[in-house]
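Participant: coords below, sequence missing:
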């Protein structure tokens, strides 16, 4: 399961509500970061340490990408 699939499955409803509402980016990033940390804990061996070394500094960017991914999916529904 790739990360975006995991994030959507894990806590999508809560995150989507925050994305659609007027909450701050910091609050969205906080929920997203928690999902990322769980993914990292459960998939570290499967995905590999190098992935997380590269991504750890880019979690905010990954959150922005995920937000755009969710919004595109919502448009297609």
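Facilitator: Here it is on my side, so go on. All of these numbers come straight from a predicted model, not from anything done at the bench. Numbering: from 1, shown residues only.

Participant: And the biggest helix by length in the chain, what's buried?
Facilitator: The residue-count maximum for a helix in the chain (DSSP state H) belongs to helix 25-47. Judged by neighbour count using 16 or more other Cβ atoms under 10 Å, the buried positions of helix 25-47 are 28, 29, 31, 32, 35, 36, 39, 40, 43, 47. Placement of C-beta: from N, CA and C, glycine included.

Participant: Output these as a markdown table; include the columns pLDDT.
Facilitator: Listed next are the buried residues of helix 25-47 as a markdown table, based on pLDDT from 0 to 100:
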| residue | pLDDT |
| --- | --- |
| 28 | 89 |
| 29 | 89 |
| 31 | 88 |
| 32 | 87 |
| 35 | 87 |
| 36 | 87 |
| 39 | 88 |
| 40 | 89 |
| 43 | 86 |
| 47 | 86 |
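
Participant: could you check the angle helix 25-47 makes with the helix or strand bottoming out on mean pLDDT in the chain?
Facilitator: Across the helices and strands of the chain, mean pLDDT, DSSP states H and E gives its lowest value to helix 3-20, namely a mean of 77. Comparing the axes of helix 3-20 and helix 25-47 via axes from the mean of the first three to the mean of the last three Cα atoms, to 10 degrees yields an angle of 170 degrees.

Participant: Buried ones in helix 3-20, by neighbour count?
Facilitator: Buried residues in helix 3-20 (16+ other Cβ under 10 Å): 3, 6, 7, 8, 10, 11, 15, 16, 18, 19.
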